[in-house]
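1. I'll drop the sequence and a predicted model, then ask my questions.
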Amino acid sequence: MLVREKPDAVLFLGDGVQDFLEASLPKGCRLYSVAGNCDFCCQESGMRVFELEGVRILMVHGHRQAVKYGLLRLELLAQEQKADIALYGHTHRQDACWAGSCLLLCPGSVGSAQCSYAVLELQAGRFDFSLKPEGSCSRD
């Protein structure tokens, strides 16, 4: 997957072994990550807000926003943080929807049997995304 996509950055939403992920990143690829509910010894924060290519991104794992029960808390946090994109995990199910002008996006899970992920393309304050379907996480 990383070889095929050739990313400039990987955004990791928690519940995984970050050392393994960092070791497998292509040279020059940046890693942005947040801790998940299963990352007990992780030094990462549970929330991250930053800007890439003029796009404001909010990253959370999602357990503190109760995303398994709805996205209202995530939507309110995204509004508070003035995010263009709010990324979350925890459900391990791909989902994308709009809350006003903010994209709420769960890329799925690369660590599950139904392996899926998302690709974000950012440029000059604009973005596009694509969901890579279940089973698309081969090693190439």
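-> All right, it came through fine.

2. strands along the protein, start to end?
-> Using DSSP state E, the strands of the chain run over residues 9-12, 30-33, 47-52, 55-60, 85-87, 95-99, 102-106, 117-123, 126-132.

3. other SSEs contacting the third one?
-> Right, the one you point to is strand 47-52. In terms of contacts (3 or more Cβ pairs under 8 Å, 6 or more residues apart in numbering; DSSP states H and E), strand 47-52 is packed against strand 30-33, strand 55-60. Glycine gets a C-beta too; all of them are placed from N, C-alpha and C.

4. would you turn those into JSON lines with distance to residue 8, mean neighbour count and mean pLDDT?
-> Output for the helices and strands packed on strand 47-52, formatted as JSON lines (distance: least, Cβ to Cβ, whole Å; neighbours: other Cβ atoms under 10 Å; pLDDT from 0 to 100):
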{"stretch": "strand 30-33", "distance to residue 8": "7", "mean neighbour count": "15", "mean pLDDT": "90"}
{"stretch": "strand 55-60", "distance to residue 8": "13", "mean neighbour count": "23", "mean pLDDT": "98"}
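
5. now those in a markdown table, with distance to residue 114?
-> A markdown table is the format used below for those (distance: least, Cβ to Cβ, whole Å):
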| stretch | distance to residue 114 |
| --- | --- |
| strand 30-33 | 22 |
| strand 55-60 | 22 |
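
6. who wins for proximity to residue 5 among those strands?
-> Each of the helices and strands packed on strand 47-52 has some distance to residue 5 by Cβ to Cβ; the shortest is strand 30-33, at 13.9 Å.
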